[in-house]
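What shape does this take:
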Amino acid sequence: MSARYDYYQTDKDLMVSIYKKGLPADQVHVEATSDAVEVLVGTESILKLSPLSGSIIADQVTHKVYGTKVELKLPKATFGNWPSLVGAARQATQTTLAPQQPPKADETSPVHAENTATSTTKPAPTRKNWDSLAKEIDDVDEDDDKRGPDDFFKSLYSGLDPDSQRAMLKSYQESNGTVLSTNWTDVGDKFQAPQPPAGTEVRKL
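Numbers count the residues shown, from 1 in each chain. Sure, this is the predicted structure:
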């Protein structure tokens with residue numbers, strides 16, 4: 001007599017359900033070893049699991065009989081997940097990963113070494129030739145000293161449009177050199193009165 005069964009597992013136990021109705025509880029018993037388990041009703045076997053995929057604790061195997069099934073609890077000898085309930089050969093129930101050894105002090109991966117060099121190497125600072133820069137400044141100052149106010153006004157005047165030139169001449173002449181405007185709209189119809197700085201007097205040009 002055989003029976004249909006299924007199972008599920010936790011890290012600690014295997015739970016096997018054997019589906020058979022109306023079995024007398026006092027005649028159901030279980031025989032177990034570390035790698036096999038068999039369920040009998042009287043002298044007749046209804047399920048035999050051998051060899052198991054892992055080891056169980058035989059003397060801790062328990063069972064319960066219900067109206068439609070028998071339920072077995074098989075404690076695992078070693079915690080872990082089994083790949084299957086029954087296997088042709090014994091399979092390890094746990095996989096132990098070999099601890100990784102930290103790299104030795106004198107071992108550095110090429111990528112790490114390259115990254116380190118990139119992050120720590122700084123470009124050489126650009127050095128300024130301060131003597132040359134000072135000479136350039138002196139040359140500019142000398143050129144400005146050589147140019148008088150007339151040169152400045154001539155340069156400004158030559159770059160203006162006709163209306164701006166007229167405004168510049170009118171404002172400069174009427175104000176005795178105290179006002180200089182290039183906006184003809186402002187000065188064309190207005191007399192540009194002298195506006196000397198505070199504490200000074202206007203002298204006619």
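
switch to C-alpha atoms for all contacts and neighbour counts from now on
Fine.

Name the residues linked to the nearest residue to A25 once chain neighbours are set aside by a beta bridge.
The shortest distance from A25 to any non-neighbouring residue, by C-alpha to C-alpha, 6 or more residues apart in numbering, is to V65 (5.7 Å). Using DSSP bridges, the beta-bridge partners of V65 come out as V70.

From what I see, V65 and E71 are in contact.
Yes. V65 is in contact with E71 according to C-alpha atoms under 8 Å; the separation is 6.5 Å.

tell me what the helix or strand that contains E31 is packed against?
Assigned by DSSP states H and E, E31 falls within strand 28-33. The helices and strands touching strand 28-33, judged by 3 or more C-alpha pairs under 8 Å, 6 or more residues apart in numbering; DSSP states H and E, are strand 36-41.

average pLDDT for the strand it packs on?
For strand 36-41, mean pLDDT is 95.

Then stretch 158-176?
Per-residue pLDDT over stretch 158-176 has a mean of 79.

Now do Q195: how many residues are near it, please.
14 (other C-alpha atoms under 10 Å).

gap between it and F153?
19 Å (C-alpha to C-alpha, to the nearest Å).

Which secondary structure state does L169 sit in?
helix (DSSP: H, G, I helix; E, B strand; the rest coil).

Go through the strand holding E31 and flag the buried ones.
By neighbour count with 16 or more other C-alpha atoms under 10 Å, strand 28-33 contains the buried residues 28-30, 32-33.

could I get the residues you listed as TSV with pLDDT?
Listed next are those as TSV, based on pLDDT from 0 to 100:
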residue	pLDDT
V28	96
H29	95
V30	96
A32	96
T33	96
